[in-house]
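Q: Fold the following.
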Amino acid sequence: MIMCAGAQTASFSGLIKFFGNLLWVTPIFIILLTAAGCTGENLGHGYSRKGEYICYKGKRIDKEGAGDLDEFAVAAGRNLTLANNVDAASFTALSPDYSKDRNKVYYRWISGPRSWVVEVPGADPATFEVLGLALAKDQNHVWKEDRKVEGADPQTTRILTDRVWKDAQHVWFYGNVIQGADPATFESLGDDYHYRDANRVYWIFNVVKVVEGADPKTFKVGGE
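A: The predicted structure follows:
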């Protein structure tokens, strides 16, 4: 009886261990199965094409984030439309930020571990091209994230760094005009922080500052 009880105890312990492992493995299995269900042709930048659907890292972009898109839109301060009715056959991943099909352009918003692929309203997919980090243009507009940069000229836009660019009329920093900067002579000094035009030297990181007293003709990065 003692041996039998021991055997029963051992069998019961084995079942507990089995189901415990099963409970631990099952969520991982479900995640892997879900991801595997939306993987197919690799399109680059984390995107894949599975039949009539487009996926980002194993999740359909027309479904992922649908439950809390409205809440995120409030935080972003704008109306957002999830990438529904994507034309999978013509879908192209342009960068980690931007993608397009024959009908629309899309931008991928990120917040922590979450992401939402949304439409860029009014963008022209035929002429859309990526210029830098969350920066692009088409024949009509310059785009920062999923918004038009009002007043920017796409025909004369020239990128200096991911944060700074210029057109024929203005110098831009994160979509805002750098007041007083001369676009004709404005240039980077090569370290992603210092710039100059004919009149001033600028230090640009998260804000734009004029380097007081600096002579733009002789100023060198690393110098006094």
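Q: Okay, now the unreliable bits of this structure?
A: 1-37, 223-224 (pLDDT under 70).
Q: Spatially central residue for it, please.
A: Closest to where the C-alpha atoms of the chain average out (C-alpha atoms, centre = their mean) is D97, at 3.3 Å.
Q: Correct me if wrong: that residue contacts G132.
A: No: D97 is beyond contact range of G132, at 9.3 Å (criterion: C-beta atoms under 8 Å). Backbone N, C-alpha and C define where each C-beta goes, glycine included.
Q: So for those two, which residues contact both of them?
A: Shared contacts of D97 and G132, defined by C-beta atoms under 8 Å, 6 or more residues apart in numbering, are absent.
Q: where exactly do the helices run in this protein?
A: Taking DSSP state H to define them, one finds helices in the chain at 2-36, 69-76.
Q: the domain parsing of the chain - what is it?
A: Domains of the chain are assigned by automatic domain parsing as 15-147, 149-224.
Q: beta partners of Y107?
A: Beta-bridge partners for Y107, by DSSP bridges, are Y98, V118.
Q: How many residues are close by it?
A: Counted by other C-beta atoms under 10 Å, the residues lying close to Y107 total 23.
Q: Report the contact partners of it.
A: D97, Y98, V117, V118, E119, V120, A134, E145, D146.
Q: Report the separation between it and K50.
A: Distance of Y107 to K50, given as C-beta to C-beta, to the nearest Å: 21 Å.
Q: With W109 instead?
A: Distance of W109 to K50, computed by C-beta to C-beta: 22 Å.
Q: what do you get for Y174?
A: Noted for Y174: a distance of 36 Å to K50, by C-beta to C-beta.
Q: For K100, which non-adjacent residue is spatially closest?
A: If the residues on either side of it in the chain are set aside, K100 comes closest to P125, at 4.3 Å by C-beta to C-beta, 6 or more residues apart in numbering.
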